Structures are given as C-alpha cells and as structure tokens.
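Peer 1: give the three-dimensional model of this entry:
(one chain, ligands or ions: 1)
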Amino acid sequence: MPNRKFSDGEVVMGRWPGSVLYYEVQVTSYDDVAHLYTVKYKDGTELALKESDIRSQSSFKHRKSQSSSSSPSRRSSSRSRSRSRSPGRPAKGRRRSASQSREHKDDKKKTIQETSLALPVLVLFKPSENNTKRYNGEPESTEKNATSCIILEQKLKPDLEVKRVLEQYSLRSRKDDKKKEEIYSEKKTFVAVKPIEKVSTKTKELEFGGRIGTFMMIILLPATVFYLLLMCKQDDPSLLNFPALPALESLWDGRVFGVFLLWFFLQAVFYLLPIGKVVEGLPLSSGRKLQYRINGFYAFIFTAAAIGVLLYFQFELHYLYDHFMQFAASAAAFALALSIYLYVRSLKAPEEELAPGGNSGYFIYDFFTGHELNPRIGSFDLKYFCELRPGLIGWVVINLAMLLAEMKIHNLSVPSLSMILVNSFQLLYVVDALWNEEAVLTTMDITHDGFGFMLAFGDLVWVPFVYSLQAFYLVGHPTTITWPVAAAITVLNCIGYYIFRSANSQKNNFRRNPADPKLANLKFIPTATGKGLLVTGWWGFVRHPNYLGDIIMALAWSLPCGFNHILPYFYVIYFICLLVHREARDEHHCKQKYGLAWDRYCQRVPYRIFPYIY
Ligand code: NDP
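Peer 2: Here you go, the predicted structure:
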C-alpha cells in the first residue's frame, strides 16, 4: 500500500505551480513511484502535484469568507474583494474621455475579475520548488514567483510593510494579532516540511531540429563563418562567386592563437578584479541564487585604455585585419575545446545543476545546447563571462582594427563616413549591453540555456567575427555615402535604439518592481504565478518590441555599406531569422508558464514583432 495522505476522489486545496495560490481540486490518482498526485481543477485542468503542495480543505475553512476557491481558468466576479489599487492602474483623478473611461471600466472589471481569481486564498508558506512547466508535462526550469517571494519575505517585517504588500495585491490586511500568530505558526509548519523527493528533469521537447539539427549546426555554423569571411575578402563578393578554399594549414598560426589566448585571459583578469557591485541572479531550481560581479563596463574601459597604450606605442592593430581568418580559426578551435571541456565536466554535475533545456540524454544535443546551466570554476562563471566580455568587447576592437586598416590601405587621413557610422552604431550597442550588464541575468541564455557549443561558439566566434562583417566588408569595398543619407541612417538607428532600450527598460523595471510609480500608467494582466504581463506601453504594441528595435538597428548597420552586394546584409537577414525563432521559443516557454493568461495577452496584443505584419 503506498504511503499517501490523500485518497482518490478527495476534494482538497492544490497549490498552483510557481505561486502561493491554492485552488479547490479533486485527487484523481497517485503515482507511488514519483510520489505525485494527479489532481483535477474545476475547469478540467489536470496537473501532477507533490504532497507538500496539497492541503486539506479544513485548513482553509477560516478564510472561506474572504475567498472562494476556483479553478485558475475560471473567472469569479467578486467586486467586493477588489477595492484596493492594482499597481498597473492609472492614478486617481486622472482625466479620461468617455470612451477612455468606458474602456477603463472594462479593463478595471477585467482586472478585478483576474485579480480576484489570482488570489483566491493566500497561504503564507514559502513557495517550494514548484515547477509550472514540469506540472504541465515538461520538466523545465523551476518557475520562480517573485511576487510570492516578496509576500513571504514581508511576513517577517513590521505590520505596516505587511499591510502595504497585502494592499498592493488586493488583499485584506490581517490586522489582528491572532491572525498574525497564524502567519507565524504556518511559517513554522513550512520549516518542518520534509524535503521532497526529486523528480527526473530530463528534457523531453528537443529544439533546433533535435539530434540531427544540432549535429548539422555544429558543422554548418563554423562553415558559415569561414564562408562569409572568405567571401568578404574577394574583390567581387557576389553570392554566385564562390571563394576558393584555403589550405587548412594556412588557417593556423601559433602566434595568432597566442594573441587570442592573451586576449581571453586578459578579459578574465578584468572580470576577476574586485570592482563593481555583486548581484544575485534569479533563483535556481534548488532555490539557490548565484552571485555575479557586474563589472563589464569597467572591463571595457580597461580594454580601451590598454588599446590606447598599444596605439601610442605604434602597435599595428591592423595585424588583426591581416590575420583575420587565423584569428577566427583560433577562436573556433578554442570554442570547440571549451565546449568539450564543458560537456565532460557536466557529466559529473549534480542533476539540479543541469540546464532545463539541455538535459535530453542525447550526447550531440546536450553537447550543442549545453548540459550544465551555470558551469563555474570557483566563483568564476564561465557562461556569464563569455556572454558579454571576450566576444562582445572583441567585436568593438575588431571594428576599430578594420577602421585603421581602411585608413592605411586606402591612404585616408580620416575614416570613411560609412566606416564611422558602422563603428559608432555598433559601439553604442556594445556599450549599452555592458552598461546594462545586470539585465543579462534574466535572459534565456542565462536562465534556461546551458553552456555548450551553441553559446561558446556564438559568444567567442559568431559575435565578434560575423557581427563585424560590415566593417570588414568596407575595408575591401569602399562605399561612399552622402551626408543626408548618413543623417537618415543615423535617425533610423536612433529610432531602433530608442525602441530597443525603452522596451527592455520598461520590462526590466516592471519585473524588478511592479509597484514602481513611474509605471503606474501601464496596465497588465495578472497571471496565476503572481507576475503580470504588460498590455500597454511597448509590450502592448507588439509582443516583442525589443526585437523590433534590434532589427531596425541591424538594418541601419548594413545600410552604410550601400547596395552593391547582399553580403553586408547577411547580419540583418540572419538576425530576423534568429529573433523570429527565438520569439517562438520564448512564446512556447511563456505559454507553459502563464497558460490562459498568456493566451489572453496574445489576444490583446496580436502581433509578435512587426505590427500588422507578423
Ligand atoms: P526578452 O527580453 O524579450 O524577454 C522575454 C521575456 O520577457 C519572457 O520570457 C517573459 O519572461 C517576459 N515577458 C514577455 N512578455 C511580457 C510582457 N508583456 N510583460 C512583461 N514581461 C513579459 O528576452 P531575450 O533574452 O530574448 O532578449 C533580450 C534582449 O537581447 C532583446 O533586446 C533582444 O533583442 C536582444 N538579443 C540580441 C541578440 C544579438 O545577437 N544581438 C540575440 C538575442 C537577443 P518573464 O515573464 O519570465 O519575465
């Protein structure tokens, strides 16, 4: 007989994955191997829950008056419970037109309904490692609920703080001491909860075309880099003019490899310098938060100073241009060696440290997507380091080398206008990324993807050698543009940058502090996880406004190269494909995280990246 607390058919309260919200559910079966209960919500949704996420109905009785349990997808319209202000609602006293006011009322009603739905019963436990995706059938990374964490932390803070948080989430404050005692006693109950047995976290849904797709990409990605560079070196880089293949040994130069290693380790030294603040990343599936030093911008300044010193002492930076293929080969060899090291060490990594998306059990797939989520040597985080430093800063240095090479080869006293634009636009992009380094901690690359060939090659080879293609092209194929054209391209880049930056900042600020008064004019859809989805502002315009801005900038980087060849437009074409694919991946993850709330968001904001097009 399995040792179980709840029997089939019993009506109990089940926690909604990733949140502190409990809904009425019926137990339908029990898996005594995985120790999971299958429960059915009132709308028919079936999920597998751990015993620790199920409570008897009697433990909720005293709160029935303030909340009726319902399925997450059901909408109860209890107006009386939603008096308090949601952080996304407009400020009181703001003037509205009749239609605005009608719309506002509708929205308000919706928010009321959704808020009352999202908060049927607040249970003051620390959220355990509950995984929305896993409960939806896919063993993915643990969905953490920032809001619920905030609520939990507030339990230990003074009354006023508790009251403020409860009001913020449309809850009645628990004023009387008796209730407060309950809060503490329930917290004690949590502390006594036994650790839960682990459930396998194997990746079931394979991305990138599965094993065959990833195998092909391991071959095609390096081939594409060398094809593009060889094309660029030709006088006539037309697509049909296929370049002659160089002898393999001509691609290898020990001295160049030494310079590459020096570059990599110099960046590592900058990363290790005890300057810049240390911040915590998002919680891992174990609940642990890793610490990251934010000093990428300092690394950039130190690098600029080092390059300045080299130039002062007449170091010929166009050595980089002369040996560009060999540098790419060195970086590719290093990325491959790093990927092998990463895979081998991941075999010894504990299960909870493996990447949610890179633990399929298939060697080639895991090798490509990255098996271990956050490989570290001591406190040195290999993935985080490679994301923004050697490759990204390297891209700017390569661009500068191309600028100097252009001046030298064409005997110019100043670089061409095209070269200046390409250099300036891309410098702005890199500086922006380093200035906002902390934002990288919430990206898919850090939270979802492991560190394997895909990111190692992408960060160390693809970014510096493919993203600098326009500058490389301009050295061999001078292009003259007029000042008005340059001004128009600059305006385009500024528009792209404005959309990109403000969209990213809007979301980052909202995620960091949904109650930020600066965001009070934005509306959002609450979700069962406690996090909201913005439906006005940039995120109400299209579902990935930051991608739109990024693509506009990518076009502005190619335009200074003129229209003689398609080669300098490779970046914008590839980037659209990348972001369309990335957008689809993100939507898939969001659908798993947010379920019906995500569907509602998609109804409200029908276009993904390009308004009225896609
Ligand atoms: P995004 O910054 O686009 O973040 C997507 C996440 O935002 C979702 O998973 C969801 O996460 C959250 N979200 C989605 N919709 C909403 C909403 N309506 N309201 C609030 N939150 C929402 O992810 P990326 O990492 O893909 O991109 C980051 C930046 O990097 C982008 O600007 C992109 O253009 C750029 N980029 C550049 C590349 C390059 O090679 N140059 C490559 C890839 C990206 P949650 O709800 O969990 O917070």
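Peer 1: Met231 and the ligand: what is the separation?
Peer 2: As defined by Cβ to the nearest ligand atom, to the nearest Å, Met231 lies at a distance of 21 Å from the ligand. Every C-beta, even on glycine, is put in place using the N, C-alpha and C of the backbone.
Peer 1: would you agree that residue is in contact with Ala244?
Peer 2: No: applying Cβ atoms under 8 Å, one finds Met231 not in contact with Ala244, separated by 11.1 Å.
Peer 1: between the two, which has more neighbouring residues?
Peer 2: Comparing Met231 with Ala244 by other Cβ atoms under 10 Å, the one with more neighbours is Met231, at 20 against 6.
Peer 1: quick one: contacts for the more buried one?
Peer 2: Contacts of Met231 were listed using Cβ atoms under 8 Å, 6 or more residues apart in numbering, and they are Pro237, Asn241, Pro243, Leu567.
Peer 1: looking at the residues you listed, spot the one nearest His589.
Peer 2: Leu567 (34.0 Å; Cβ to Cβ).
Peer 1: now the strands for the stretch 401-550 of the chain?
Peer 2: Along the stretch 401-550 of the chain, the stretches classed as strands by DSSP state E, counting those that start in this stretch are 524-526, 532-534.
Peer 1: no no, the chain
Peer 2: Assigned by DSSP state E, the chain shows strands spanning 11-15, 22-31, 36-41, 46-50, 54-55, 277-280, 291-294, 376-377, 380-381, 524-526, 532-534.
Peer 1: the first one to strand 22-31, inter-axis angle?
Peer 2: Right, strand 11-15. Direction vectors for strand 11-15 and strand 22-31, defined by axes from the mean of the first three to the mean of the last three Cα atoms, to 10 degrees, enclose an angle of 100 degrees.
Peer 1: per-domain residue ranges of this protein.
Peer 2: 10-57, 208-480, 481-613 (the TED database).
Peer 1: thought Phe465 was touching Ala329?
Peer 2: No: the pair formed by Phe465 and Ala329 falls short of the contact definition of Cβ under 8 Å, at 10.0 Å.
Peer 1: residue contacts, the residue in the stretch 151-300 of the chain that the ligand sits nearest to?
Peer 2: Taking Cβ to the nearest ligand atom as the measure, the point where the stretch 151-300 of the chain comes nearest the ligand is Leu282, at 8.7 Å. With contact taken as Cβ under 8 Å, 6+ apart, Leu282 is in contact with Lys144, Lys289, Leu441, Thr442, Ile446, Thr447.
Peer 1: looking at the strands of the chain, which has the lowest confidence?
Peer 2: Here the lowest mean pLDDT among the strands of the chain goes to strand 46-50, at a mean of 74.
Peer 1: quick one on the thing from earlier: among the domains of the chain, show the one with the smallest mean pLDDT.
Peer 2: When the domains of the chain are ranked by mean pLDDT, domain 10-57 comes last with a mean of 74.
Peer 1: what about that one, how long is it end to end?
Peer 2: Using Cα to Cα, to the nearest Å, the gap from the first to the last residue of domain 10-57 comes to 10 Å.
Peer 1: tell me the one among the contacts of Leu282 nearest to the ligand.
Peer 2: Among the contacts of Leu282, Thr442 lies closest to the ligand (Cβ to the nearest ligand atom), at 6.5 Å.
Peer 1: how near is the closest residue to the closest one other than its chain neighbours to Val440?
Peer 2: For Thr442, ignoring the flanking residues on the chain, the nearest one in space by Cβ to Cβ, 6 or more residues apart in numbering is Leu282 at 6.1 Å. As for Leu282, its distance to Val440 is 11 Å (criterion: Cβ to Cβ, to the nearest Å).
Peer 1: give me the common contacts of those two.
Peer 2: Contact criterion Cβ under 8 Å, 6+ apart; residues bridging Leu282 and Val440 by contacting each: Ile446.
Peer 1: what residues does the stretch 501-614 of the chain put near the ligand?
Peer 2: Counting by Cβ under 6 Å from any ligand atom, the stretch 501-614 of the chain comes close to the ligand at 504, 507, 510-511, 531, 533-534, 539, 544, 546-547, 550, 582, 586, 589-590, 601.
Peer 1: what about 5 Å?
Peer 2: Proximity of the stretch 501-614 of the chain to the ligand (Cβ under 5 Å from any ligand atom) is limited to residues Lys507, Leu533, Leu534, Trp539, Asn546, Tyr547, Asp550, Asp586.
Peer 1: and the second one, what does it touch?
Peer 2: In this structure, Leu533 makes contact with Phe524, Ile525, Thr527, Trp539, Tyr594, Ala597, Trp598, Tyr601, judged by Cβ under 8 Å, 6+ apart.
Peer 1: nearest to Phe425, out of the strands of the stretch 401-550 of the chain?
Peer 2: strand 532-534 (27.9 Å).
Peer 1: the closest one pairs with which strands?
Peer 2: Partner strands for strand 532-534, per DSSP bridges, with pairing direction: strand 524-526 (antiparallel).
Peer 1: in a markdown table: the contacts of Met231, plus neighbour count.
Peer 2: As requested, the contacts of Met231 are exported to a markdown table (neighbours: other Cβ atoms under 10 Å):
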| residue | neighbour count |
| --- | --- |
| Pro237 | 20 |
| Asn241 | 11 |
| Pro243 | 15 |
| Leu567 | 21 |
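Peer 1: redo those as JSON lines? Include distance to Glu51.
Peer 2: Below are the contacts of Met231 laid out as JSON lines (distance: Cβ to Cβ, whole Å):
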{"residue": "Pro237", "distance to Glu51": "64"}
{"residue": "Asn241", "distance to Glu51": "67"}
{"residue": "Pro243", "distance to Glu51": "63"}
{"residue": "Leu567", "distance to Glu51": "60"}
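Peer 1: and the furthest pair within the residues you listed?
Peer 2: The largest distance within these, taken as Cβ to Cβ, falls between Pro243 and Leu567 and amounts to 11.3 Å.
Peer 1: returning to what we had before: please tell me how far the residue of the stretch 151-300 of the chain closest to the ligand sits from Glu352.
Peer 2: As defined by Cβ to Cβ, Leu282 lies at a distance of 15 Å from Glu352.
Peer 1: count of residues packed around the nearest residue to Phe6 once chain neighbours are set aside?
Peer 2: Excluding its sequence neighbours, the residue lying closest to Phe6 (Cβ to Cβ, 6+ apart) is Val27, at 5.0 Å. Other residues near Val27 number 21, with proximity taken as other Cβ under 10 Å.
Peer 1: so what's Val27 up against?
Peer 2: With contacts defined as Cβ under 8 Å, 6+ apart, the neighbours of Val27 are Phe6, Ser7, Asp8, Gly9, Glu10, Val11, Val12, Tyr37, Thr38, Val39, Ile54.
Peer 1: surely the third one and Tyr30 touch.
Peer 2: Yep, that's Asp8 we're talking about. Yes: distance between Asp8 and Tyr30: 7.1 Å, which falls inside the contact criterion (Cβ under 8 Å).
Peer 1: between these two, who's got more neighbours?
Peer 2: When Asp8 and Tyr30 are compared for neighbours, Tyr30 comes out ahead with 19 against 12, by other Cβ under 10 Å.
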